[in-house]
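Colleague: just the structure for this:
(one chain, ligands or ions: 1)
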Amino acid sequence: MFKKFCQYSHQTRTVRQRRASWRSRSPLWGGGKPISISLSPNTQKDDVFLALRTILQLWNWKSFNVVPRNVPRGSAINAEGTLKSTLNYAEQLEENFKQYLGVKYAFAFNSGRSALMAILSVLEISKDEEILIQAFTCNAVPNPIIWQGARPVYVDIDETLNIDPDDLEKKITPKSRAIILQHTFGVLAQIEKILTLAECYNLKIIEDCAHSLGAEYGFRAKRENHPALSPPSERAGSSTFQPRYASGKAGTFGDVAFFSFGRDKVISCVYGGMVATNNPDLAKRLKEFQEKCGSPSNFWTLQQLLHPIIFAVALPTYYFFNFGKFLIWFCQKIKLLSKAVTKKEKKGENPDYFPQKMSNALAILALNQLKKLNKFNEHRRKIAEFYENNLRENFSVVSRPVSRSFAVSWKYPIFMANPKEIRKRAKKEHIILDDGWWGSPVVPPDTDLEKMKYKRGDCPKAEKIAKTILNLPTHINISIYDAQKIINSLKTENEN
Ligand SMILES: Cc1ncc(COP(=O)(O)O)c(C=O)c1O
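Modeller: Okay, here's the model as predicted:
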């Protein structure tokens, strides 16, 4: 295994090294393509060609178009209980996703945000009820709660950057209805403790797997492991607690889970999301909700399909007289490129395209990426290991506390006193480390905290982490050679 890894790193290094040294010598090129954490990170050549082909095959855009069924018999049963003879691409994605995750039901939407809106609606979360969420989250999590008329209650985080069970218990009130269990950066939360708490207080668990598609865990949730919870039976109003025994993939532990296929997520079709559940009653209501949702407009779909294509041109020319940089800026200005989070959302407002169904055309891209999921995650693990071996001595890193879990290293966070400075200086070496996950307990950093119902001081650990975190890239377009360049840059900064 180690031998194979050395071979791999050697091969990647030599090819990349040759290319990079040519580029860095060329004054015209200006140093070549940036090493970047979030500029279309999952896009490979086949994704670009697929996007181009999909733009030309207009007949595939609308959901009434169909493809031959190639899923196992019996898995494509529609709401009436009959076997469907054909599936459109969005339905095909739902089928493949169900099979991958091992759940009974999956429903595709145009984003994780829409997926969460669907969940909150079918759980009938009403006005003034409280949803417990962790601080150090994206505004895409509190916003759907606020749009539903409910109230996000922020819980502080533990050393894995996930929700802290002790603070969680303190923040539960009679108005609490559900916990959103975010597995931050692909590292699983303390599932056992949280499930036990949810059981005690009769709360629903909504798993937020936006960062953790492919993460796995094996555990036994037992009350006696958690003396802090006693006497739980009184609080839960029941003395017949059944410990849950479970193991499996992230997204299969709670009542319902949602995933994101956003532009920089574990897999990507620029905008997309999925709800997964094993609960037939919820599934019935989710299907009804999905059917009532509109489909994205053709222009919106075109914007997303253009994303991988424009970045395929912009990235290699990023520093070529700044052409690539300008191209991205210009395409955003004339709205050929969409933004991951709009200005409106940073102020707590809903843009007009949530909630909507999954775009059939974007499902084509997502299906292709889903095929590459294991390869992507394996690569992320290798790059994270490489960082770990080379940085642990010099920097504080996130611990992975549960030995029986398999984390997805969606990003590799380290902590330092002056990450803002480091990001600035790394940029001069054409290393772009600004992924928006810093500076605030609700990211991106220019989010209006008041509109997110967050009060400064609510979650001191999360606020501190946000000030010291620096995320490193692990995606498929980062080679060991790139990771080494990042490490060299960080070590130089550290010595200065
Ligand atoms: C933790 C978390 N949850 C949910 C979401 C929402 O996903 P999407 O961007 O697909 O709406 C995001 C992404 O922005 C996220 O980071």
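Colleague: now Leu161: phi and psi?
Modeller: Main-chain dihedrals, Leu161, degrees, to the nearest 10: phi 70, psi 20.
Colleague: try Lys171
Modeller: In terms of degrees, to the nearest 10, the main-chain angles of Lys171 are phi -100, psi 0.
Colleague: residue contacts, it?
Modeller: Applying C-beta atoms under 8 Å, 6 or more residues apart in numbering, we find Lys171 in contact with 132, 153-155. Placement of C-beta: from N, CA and C, glycine included.
Colleague: kindly report the same for Arg392.
Modeller: When the contact criterion is C-beta under 8 Å, 6+ apart, Arg392 has no partners at all.
Colleague: run through who's touching stretch 293-304.
Modeller: Taking C-beta under 8 Å, 6+ apart as the rule, stretch 293-304 contacts 55, 61-63, 109-110, 114, 118, 269-271, 335-338, 353, 355-357, 359-362.
Colleague: so can I have a markdown table of the contacts of Lys171 showing pLDDT, neighbour count and secondary structure?
Modeller: A markdown table is the format used below for these (pLDDT from 0 to 100; neighbours: other C-beta atoms under 10 Å; DSSP: H, G, I helix; E, B strand; the rest coil):
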| residue | pLDDT | neighbour count | secondary structure |
| --- | --- | --- | --- |
| Leu132 | 98 | 27 | strand |
| Val153 | 98 | 21 | strand |
| Tyr154 | 98 | 25 | strand |
| Val155 | 98 | 25 | strand |
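Colleague: farthest pair in those?
Modeller: Greatest spacing in those, by C-beta to C-beta: Leu132 and Tyr154 (8.2 Å).
Colleague: by proximity to the ligand, which residue of this structure wins?
Modeller: Gly112 (2.5 Å; C-beta to the nearest ligand atom).
Colleague: could you check how far that residue is from Ile364?
Modeller: From Gly112 over to Ile364 the distance is 19 Å, taken as C-beta to C-beta, to the nearest Å.
Colleague: between the two, who's got more neighbours?
Modeller: Of the pair Gly112 and Ile364, Gly112 is the one with more neighbours under other C-beta atoms under 10 Å, namely 27 against 23.
Colleague: wasn't Asp434 part of a helix?
Modeller: No - Asp434: not assigned to a helix; according to DSSP: H, G, I helix; E, B strand; the rest coil it is coil.
Colleague: start at 25, not 1
Modeller: Happy to do that; since the first residue is 25 now, the last one works out to Asp458.
Colleague: next, give phi and psi for it.
Modeller: Dihedral angles (degrees, to the nearest 10) for Asp458: phi -90, psi 100.
Colleague: could you find the closest non-adjacent residue to it?
Modeller: Arg447 (5.5 Å; C-beta to C-beta, 6 or more residues apart in numbering).
Colleague: roughly how far does that neighbour sit from Ser292?
Modeller: In this view, Arg447 and Ser292 are 23 Å apart by C-beta to C-beta.
Colleague: swap in Leu192?
Modeller: 31 Å.
Colleague: over to Gln327?
Modeller: For Gln327, the distance to Ser292 equals 15 Å [C-beta to C-beta].
Colleague: more crowded one of the two?
Modeller: Using other C-beta under 10 Å as the criterion, Gln327 and Ser292 rank with Ser292 on top: 25 against 20.
Colleague: doesn't Phe335 make contact with the more buried one?
Modeller: No - the criterion here is C-beta atoms under 8 Å, and Ser292 misses it with Phe335 at 11.1 Å.
Colleague: got the residues of the stretch 125-274 of the chain near the ligand?
Modeller: Residues of the stretch 125-274 of the chain lying near the ligand by C-beta under 6 Å from any ligand atom: 135-137, 161-162, 164-165, 206, 232, 234-235.
Colleague: no more questions from me, cheers.
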